[in-house]
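*Asks:* One predicted model, sequence on top.
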Amino acid sequence: MESSFEEVNDILKTLVRNSKSPPTNAQIVKEIWTHAQLYLQLQKKFADATHNIHMELIRNMVDARYKDTQSEIKAIKDHLLQTTCSTLKQSYPVDDAKRGG
């Protein structure tokens, strides 16, 4: 930002040197305002680009965590199915008395 002010100052010095009469305050203000607007536009573009980069990183992180979570849930379900089904068959054998035999 400091370099921008230096550039504006250099431009103003050039204007003073090139003009036969010193610039009026209105001319100086107009020139400064023109360069300030350009600087603000560039600053906004930079901020938008930085924001987009950060949002993309966050999206990638959330997507990766979602996929990890889904695979963990699937692994837990598979483990529970294997453990529960085998435990049920071993713990609760079919009772022949209930079949009338």
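*Replies:* Sure, I can see it.

*Asks:* Low-confidence ranges, the protein, go.
*Replies:* 1-2, 19-20, 85-101 (pLDDT under 70).

*Asks:* what ranges do the helices span in it?
*Replies:* When assigned using DSSP state H, the helices of the chain occupy the ranges 2-18, 25-91.

*Asks:* Mind giving me the packing neighbours of the last one?
*Replies:* The criterion is 3 or more CB pairs under 8 Å, 6 or more residues apart in numbering; DSSP states H and E, and the helices and strands that helix 25-91 contacts are helix 2-18. From N, CA and C alone the C-beta is placed, and that goes for glycine too.

*Asks:* buried sites along the helix it packs on?
*Replies:* Using 16 or more other CB atoms under 10 Å as the test for burial, helix 2-18 gives 8, 12.

*Asks:* Quick check: which helices or strands does that helix pack against?
*Replies:* helix 25-91.

*Asks:* Let me know the angle separating the helix it packs on from helix 2-18.
*Replies:* Interaxial angle of helix 25-91 relative to helix 2-18 (axes from the mean of the first three to the mean of the last three CA atoms, to 10 degrees): 160 degrees.

*Asks:* Distance from the chain centre to helix 25-91, please.
*Replies:* Put simply, helix 25-91 sits 5 Å off its chain's centre (CA atoms, centre = their mean, to the nearest Å).

*Asks:* now swap in stretch 8-25 and tell me
*Replies:* Relative to its chain's centre, stretch 8-25 lies at 44 Å (CA atoms, centre = their mean).

*Asks:* So which residues make contact with that stretch?
*Replies:* 27-28, 31-32, 35-36 (CB atoms under 8 Å, 6 or more residues apart in numbering).

*Asks:* And T84, how close does it get to K77?
*Replies:* 10 Å (CB to CB, to the nearest Å).

*Asks:* if we can go back for a sec, any quick ChimeraX command for the buried ones out of the contacts of stretch 8-25?
*Replies:* Buried residues within those, by 16+ other CB under 10 Å, are selected in ChimeraX with:
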select :35
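
*Asks:* Closest one to I53 out of the contacts of stretch 8-25, please.
*Replies:* A36 (26.0 Å; CB to CB).

*Asks:* which non-adjacent residue is nearest the closest one?
*Replies:* Beyond its immediate neighbours in the sequence, the residue positioned closest to A36 (CB to CB, 6 or more residues apart in numbering) is V8, lying 7.7 Å away.

*Asks:* Right, I'll leave it there.
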